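A.B. asks: pasting the sequence and the predicted model now:
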Amino acid sequence: RPSLHEVMAGDCFQARISLFLPITLLYLGACILLLRPGSVSSLVLCDGDCANATEPEVCQPFPDRIPLRVMALFPCDVPSYRGRGLPVAAQMAVRAILRNESILPNYRIDLVLSNTMCSGVEGVRAFITQLLGGDTRYMIIGPGCSTGALRIAEVSPFYNLTEISYTATSITLSDTRRFPNFFRTIPSDNASIPGFQATIREFGWQQVAIISQRNEVFDNLTVVMRAVLENDGVRVLTERLALEPGITDTRDIVQQLNTSGARIVILNVFEDIGREIFCAAYMRGMVYPRYVFLSYYWYSEFWWRDTITRGAAYTYDPPNCTAEELEQAIFRSISPDYYPEAPPEDVNATSDVGYTPFDFWEEFVSNIGILNFPLSDAIRQARYVYDSVWAAALALHRTSEKLESGAIGGEPVSLTDFNTSRGDINDLIVEATRAIKFRGVSGEVTFNRFGDREPTVQLYQYRFSGDLTDMNPPEPFARLDPDTQEVIYSPGESLETVFPEGIPVAAEPVLIHHALFGVYTFLAGLGVIFAVVCIIFNVVFRKKQVVKLSSPYLNVIIIIGAVFLYVTVI
């Protein structure tokens, strides 16, 4: 296998054809991406601020310890993404690990920062530039966005790097055949499906529509969701595939949805497409109490108000609708989501990672304020970031212990012997990561056989504040019982508080004009009368030779069937 340096030094198109397709594509992409301005990342996250990443010797304590360089892939400058302050939580974890003398006592974790801008392309570029950095990277923390995580998780096994993401939720990443080295401390989107299923079951809806965006994040999710709902006896009326804002006219999709009669709509889309759909729905009067939309809680906090940005080249504002109009469409929509077992307000919760959930929360909020980040941008996923760094440290610690005890070849080996060609050491890292179990600031952290974290599901709803003029972020109103998957309402909540004007029906009633109904009823009545006459004829003349030859009993059965058909019309 040629090294990345060898491929980059020669002609890109002479990469060996025998390589697997993902590696070849990565090399070709590297040739293009590295022509752009940029330098090899070697700056270490210092105080949690992306802008202040620096050389490791400047900010890291314990200079006598052996550095373990870990890729830290964060979306540092994406205004609409909640991850701008997440590096704060990562650096808090590094400091807590350094204070714990029982974890990697001879080493220190250096988080080598790269800004992915929540972009798949930039994520690959960050991955490549870090591989070219000279120093060995032992693991990967991130990326935070599924689009970047999907690309990196597919190629990282070929470089024997184990990846732990903190906010990448795509169900596709649960495929261990494609992503054998991928783990995440946040549950996958698959974990939200029981929330959708329980919501639909709780309100007795037998028909729903799904609008799904066509990409790898939502394709598999929609397939699984549809199968689960249909297995519950729910009829999935439509499944329209939206592309990108400005390319697919969502007004046509919503019009088709309106024509189909669907009243309950699940949106498997990103928030930019979601804004277009809600805008089109508002224009057609498809709002509560006649319609209910189900979407995802991981949209940014005020996603219907803010400009959506994905990196430097993508900025989107929805046409036609104001924020107030979008709020009318979003009102009473429901968002199932998972939540940590240890909420920060629980002052009695404990952990194994240097902070109780409450203490972590207090210090994190304090640090965010010092760095002048909006608290809401990072408030939700900070716990997952903190626990992902701890998971990586514990995996490396257990691997180091196994290596020193002769797990490879019976001879002691140092963790510093690891490089991207040491698949045997990476196998130990993967094994150690899969066996991890600890009490983090987000609750119990353990990975299932898919590398996912098992969640607890909560149901949220968009509501206006008391003056009915200001839309709040979604508020929790119920949770699912982890054993029975039944909906358990929060104190003060009930069916009446969720839908005070009554539960919307699942399908639009079919209205028929009185005159048309009268005509069809009259014709069906004539058919019934004629059928009765035919039955009498068969009974009275059943002994006639001609009637006998026509099988009179069979005739009666057919005529009775026709009567039933006429009655259904009436």
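C.D. replies: That came through fine. Just so you know, these numbers come straight off a predicted model, no measurement behind them. Residues are numbered from 1 along each chain as shown.
A.B. asks: mind listing the helices for the stretch 251-400 of the chain?
C.D. replies: 271-283, 323-330, 357-370, 375-378, 382-404 (DSSP state H, counting those that start in this stretch).
A.B. asks: can you list the low-confidence ranges for the stretch 51-200 of the chain?
C.D. replies: Applying pLDDT under 70 to the stretch 51-200 of the chain flags residues 51-61, 77-84.
A.B. asks: show me where it has its helices.
C.D. replies: Along the stretch 51-200 of the chain, the segments classed as helices by DSSP H, counting those that start in this stretch run 56-59, 86-99, 120-131, 146-155, 193-202.
A.B. asks: residues near the closest residue to Phe360 other than its chain neighbours, how many?
C.D. replies: Leaving aside its sequence neighbours, Phe360 sits nearest to Val441 (C-beta to C-beta, 6 or more residues apart in numbering; 4.4 Å). Yep, even glycine has a C-beta here, placed from its N, CA and C like the rest. By the measure other C-beta atoms under 10 Å, the count of residues near Val441 is 32.
A.B. asks: show me the contacts for Val441.
C.D. replies: Neighbouring residues of Val441 by C-beta atoms under 8 Å, 6 or more residues apart in numbering: Pro340, Ala342, Ser351, Val353, Tyr355, Thr356, Pro357, Phe360, Trp361, Arg383, Tyr386, Asp387.
A.B. asks: contacting residues around Asn215?
C.D. replies: Contacts of Asn215 (C-beta under 8 Å, 6+ apart): none.
A.B. asks: thinking again about what came up before, for Phe182, which of the helices of the stretch 51-200 of the chain is the nearest?
C.D. replies: Nearest to Phe182 among the helices of the stretch 51-200 of the chain is helix 146-155 (4.3 Å), distances taken as C-beta to C-beta.
A.B. asks: same list, the helices of the stretch 51-200 of the chain, but as CSV with distance to Thr521 and mean neighbour count please.
C.D. replies: CSV is the format used below for the helices of the stretch 51-200 of the chain (distance: least, C-beta to C-beta, whole Å; neighbours: other C-beta atoms under 10 Å):
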stretch, distance to Thr521, mean neighbour count
helix 56-59, 83, 14
helix 86-99, 66, 23
helix 120-131, 60, 24
helix 146-155, 55, 24
helix 193-202, 35, 21
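A.B. asks: and those helices: which comes nearest Asn555?
C.D. replies: Between Asn555 and those, the tightest spacing by C-beta to C-beta is seen for helix 193-202, at 46.6 Å.
A.B. asks: what helices or strands is the closest one leaning on?
C.D. replies: helix 219-231, strand 334-339, strand 456-461, strand 475-480, strand 487-489 (3 or more C-beta pairs under 8 Å, 6 or more residues apart in numbering; DSSP states H and E).
A.B. asks: name the next helix or strand downstream of it, please.
C.D. replies: strand 207-213 (DSSP states H and E).
A.B. asks: partners of that next one in the sheet?
C.D. replies: strand 235-242 (parallel), strand 264-268 (parallel) (DSSP bridges).
A.B. asks: so for the last one, what's the average pLDDT?
C.D. replies: Regarding strand 264-268, the rounded mean pLDDT is 92.
A.B. asks: just want the angle from it to helix 193-202.
C.D. replies: 170 degrees (axes from the mean of the first three to the mean of the last three C-alpha atoms, to 10 degrees).
A.B. asks: identify each buried residue in strand 264-268, please.
C.D. replies: The neighbour-count check on strand 264-268 (16 or more other C-beta atoms under 10 Å) flags Ile264, Val265, Ile266, Leu267, Asn268 as buried.
A.B. asks: nearest to Thr162, of the residues you listed?
C.D. replies: Looking across the buried residues of strand 264-268 and measuring by C-beta to C-beta, the closest to Thr162 is Asn268, at 29.2 Å.
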